[in-house]
Every structure is written in C-alpha cells, then in structure tokens.
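> Give me the fold of what follows.
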Amino acid sequence: MEIGQLVVACDLGSTTFRVLVTSVQPEGLRILGAGTADAAGFRDGDFIDLSSGSRALQRAVEMAESQADVDITGFYYSVAGSHLHSFWARSQLQLGAERRALTEADVEMVMGRAHSISIPFDHAILVANPVGFTVDGIGGIIDPVGRLGSHLEVEAHLITGSGTVQQNLEEAFGRIKLEPAGWCVDILAAASVLLSDQEKEQGAVLVDMGGAATQWVLFRNGEIAGFGLVPLGGKHLTDDLSHGLKVPVPDAEAIKRSRGVVLRSLVEAVDPEVLFTEEQPTESPGLIATILEPRLEEIFAMVKKDIGSGLKTGELRTGIILTGGGIRCEGTDELAEEVFQLPVETRLFPSGVRGADRLSDGQWATALGLAAWASADALPTYRREAPDSTSRRLPGILRRLWGRK
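Numbering: from 1, shown residues only. Next comes the predicted model:
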C-alpha cells in the first residue's frame, strides 16, 4: 500500500484522548491507526495535572504508533472547554463619496475592524466568520466583492479562547516531546465531516454531547452563526443511572451503552417510587428510561435556551444533528425532536472512510475532522451527491510529523 503524506490528529476529549493517524491519498484519507487513553489530569479543555495528563496522552500516542507502524513526533489537536466564548461584532467602512466596486481588500479591512471589539482578559480571537454584509443600507449580502457601493458593514460571529489554556496544552505536549502543528475548535472539526456545505447553507445545528459537557454550533447561509456549551454531558447520565440503580459507575456506563433507553413512552411504565423504596431496584427498560429521560431532557432544554433566538424553524431547514458518545441511547432522536421542535438526526461518523474498521468504539468524528482540516483533503461526508473534486477545500498546512519505522 502506498503510504503518502501522513497527518496525525489528537482529539482532547473531556473523558478520552484519541489519536488518529491518517494517510493523505488522491482519493481521500485512509486511517492507518488509532490510540486512546482515559483523559487523566484533564478537565474542561485544560490540563489540571500536567504530569498525569501528559502520561495519558503518551499512552494514546504509543498505541496509535504501534497500530500504524509509525513514529509520531507531533500532531494537530482540538481546542474545547468553557474558556471558549462566543461574540457578535459589527463594523463598518466608508469607501468614499462615489460608488465603486468592492474588493477583497475592503472585506479584509472591515473584518479587521470587527476584531477590535473588547474581549475577555487573556483571550484571543480564534475564529471570525462574516455572517452577513450590508452595502449602502442593503443587507443580507453574502459576498459583497464586485458589488457597487460607498459604505460597507459586516456582522461577524467570533469565538475567543484563553491564551493560558493554549500554553498549558502545549506545555503538556512538550513534556513528552510532541510538536503542536496546529489546532482547531473541536466541534468545528467534527462539523467539517458530519455536515455538508448544502446543509450548512440551509441552516443546521450540530449538537455534540461529550462526557462532561455538550457543545453546539449553528450554521446559517453556510457560515457559523452561533456557538455555545452547557456543562452537562454523557457522564451525568451515567452518574444518574449509577445512583438510581445503586450500581458502580462502570456498570452503569455498560448498561447505558448496551441497553440505555431515554424515552419512557417506548417501554413499559415503571413506578418511579421503586427508586426510593427498594434497596436494590430491579433493572428494567422502564426504570432505565425513568432515570435517564429527565436528565437528557434537561440537557437538550439547556442547549435550546443557550441557542435562544437563533433557533428559528424557518431558517434551519436541515434541523438538528446529534453526535458524541452521550447520544447513543434508544429514543434520543425522538426526545430531541420533542424539545427542539425540529427534525433530528444522529450522526457519529461519515461513511466511506477507508480504514475505519481500525477504530475502536467511540466518537472519532472530531479527530477525523482535524485530519481533514490539516490535510485540506476532500472527504466523504453525508452529501447525497458525489463529492465535487473542484469544490473549495478546507485550509491547512501539512508538516512532516512522522518517521516510518
């Protein structure tokens, strides 16, 4: 097999580190190997214990090296956590007394002014997306280049992040002699392989339920139009199940994964009083649903509230796309539809990716999206039409971060 240029991606998840080794080939990415480790010393997107965290990361890297038969010296990594903030910014640019054709330089200048808004201390703007332009009072313009006008305005959505967190991440990498080649906000990486350009154009919300938190990103007219996080995730479902059934957390996690149900209407009803009156409640689908439904409904309701006015039915024709390890229980889509009042679909990994059989069970979309961003390679997605080889590709710069054993 021809190896080609390799790209290594590391998803720093809230409960699991995932390292993915991919080969960039003309027909797309091929997965060569992967490694995982529990996210020790890691919380809310940051290393709270650099020693244990870097050792855990090294275990995931070594597993990926063994499976792919490469030496990894660096990778592209994901950025997440409550330190990420979402902002709206407006700026304007007076072009002169007479109308003229707008240029890309004009767009860059007005976007540069949007960067000048006040942001939290120690933060930097990580992502800046123009959501819409206004030229001479006419709004709703997607691309103003070439249009005649004398006054240009932009409404932009920005995501900022903590510089201290970024430095801590790279300090952990340095302790195990790994080079950070680049980074991407994790849910944006996942969106790059789970949503098509057409779906983003039609309006969609990707909801990613991780272990400790649930993130969301809103797309409208093909651009990011909202981003947020709520501090509840799949771990809270597991903890509730452990407490309700009075079983250890690992047993509760196994029950949730293998026979979790989150909608009581799908199973035989159970009197919830047994949770308080029985010393060891008898596990049943009805009891599992009785425990899990309120928590998952709460999480979805919090996401809905966080999205707020952006959740306009007419502007979200694609609807809600669910992903992440916390959304695998039976009835999740139906419960989400009840809460959001929009079409809901679950997507865990794009089809047609070669070498996907090498992956262990888990959420690998973020790592694959990182590899796609880094390689600027066209990947199979959920498009129904055949991929267009001339379509605009994601930005990225490849570095040689590996050595063949």
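> what distance separates the start and the end of stretch 5-21?
11 Å (Cα to Cα, to the nearest Å).
> Pull the number of nearby residues for residue 356.
Residue 356 has 15 neighbouring residues, counting by other Cβ atoms under 10 Å. C-betas here are computed from N, CA, C, even on glycine.
> Sorry, slip of the keys, the one I care about is residue 231.
Close neighbours of residue 231, defined as other Cβ under 10 Å, add up to 12.
> Isn't it up against residue 209?
No - Residue 231 lies out of contact with residue 209 (Cβ atoms under 8 Å); the separation is 11.9 Å.
> And residue 332, how close does it get to residue 103?
Applying Cβ to Cβ, to the nearest Å, the value for residue 332 to residue 103 is 48 Å.
> Who has more neighbours out of those two?
When residue 332 and residue 103 are compared for neighbours, residue 332 comes out ahead with 22 against 13, by other Cβ under 10 Å.
> contacting residues for the more buried one?
By Cβ atoms under 8 Å, 6 or more residues apart in numbering, the residues touching residue 332 are 262-263, 296, 322, 346.
> Residue 117 and residue 158 touch, don't they?
Yes - under the criterion of Cβ under 8 Å, residue 117 makes contact with residue 158 at 7.3 Å.
> Neighbour count: the two, which is higher?
residue 158 (20 against 15).
> Can you verify that one is assigned to a helix?
No - counting by DSSP: H, G, I helix; E, B strand; the rest coil, residue 158 is not part of a helix but strand.
> pLDDT score for it?
We have a pLDDT of 95 for residue 158.
> ditto for residue 382
38.
> Check residue 374 too.
Predicted confidence (pLDDT) for residue 374: 89.
> and which of the contacts of residue 332 is nearest to residue 169?
Residue 169 lies nearest to residue 322 out of the contacts of residue 332, by Cβ to Cβ, at 27.2 Å.
> what residues do residue 117 and residue 158 have in common as contacts?
87, 89.
> Next up, the contacts around residue 158.
86-89, 114-115, 117, 119, 125, 127-129.
> now do 10 Å
85-89, 114-115, 117, 119, 125-129, 224, 227 (Cβ atoms under 10 Å, 6 or more residues apart in numbering).
> Report the rounded mean pLDDT for the longest helix seen in the chain.
As assigned by DSSP state H, the longest helix anywhere in the chain is helix 285-307. For helix 285-307, mean pLDDT is 97.
> quick one: the spatially most central residue of the chain from residue 114, how far?
Centroid-nearest residue in the chain, with Cα atoms, centre = their mean: residue 187, separated by 1.5 Å. According to Cβ to Cβ, residue 187 stands 22 Å off from residue 114.
> cool, and residue 199?
26 Å.
> likewise residue 219?
Taken as Cβ to Cβ, the span from residue 219 to residue 114 is 19 Å.
> Over to residue 353?
Distance from residue 353 to residue 114, by Cβ to Cβ: 36 Å.
> Likewise for residue 220?
Distance, residue 220 to residue 114, by Cβ to Cβ: 17 Å.
> What of residue 15?
From residue 15 to residue 114 the distance is 35 Å (Cβ to Cβ).
> which stretches of this structure form helices?
With DSSP H as the criterion, the chain has helices at 50-68, 104-114, 163-175, 186-194, 197-202, 234-245, 249-259, 274-277, 285-307, 332-340, 365-375.
> Could you check how many residues crowd around residue 308?
Counted with other Cβ under 10 Å, the neighbours of residue 308 add up to 9.
> Touching, it and residue 226? I think so.
Yes - when contacts are counted by Cβ atoms under 10 Å, residue 308 is listed as touching residue 226 (8.3 Å).
> who does residue 134 bridge with?
Taking DSSP bridges, one obtains residue 153 as the residues bridged to residue 134.
> Surely it touches residue 141?
Yes - if you go by Cβ under 10 Å, residue 134 and residue 141 touch, sitting 6.7 Å apart.
> who touches both of these two?
149, 152-154.
> Quick check: of these, which lies closest to residue 59?
residue 154 (45.5 Å).
> Who are the contact partners of that closest one?
Applying Cβ under 10 Å, 6+ apart, the residues near residue 154 are 89-93, 107, 110-111, 113-114, 128, 130-134, 141, 144.
> what separates it from residue 99, distance-wise?
Per Cβ to Cβ, residue 154 is found 18 Å from residue 99.
> Flag the shaky bits of the chain, pLDDT-wise.
1-4, 313, 377-405 (pLDDT under 70).
> quick check: domain ranges of it?
According to automatic domain parsing, the chain comprises the domains 5-82+164-195+348-404, 85-162, 230-346.
> Please identify the most buried of these.
Compared across those, domain 5-82+164-195+348-404 shows the largest average neighbour count, a mean of 20 (mean count of other Cβ atoms under 10 Å).
> and the gap between the residue nearest to the centre of the chain and residue 109?
According to Cβ to Cβ, residue 187 stands 29 Å off from residue 109.
> got the contact list for residue 260?
By Cβ under 10 Å, 6+ apart, the neighbours of residue 260 are 234, 237-238, 241, 252-254, 285, 288-289, 291-292, 296, 326, 328-332.
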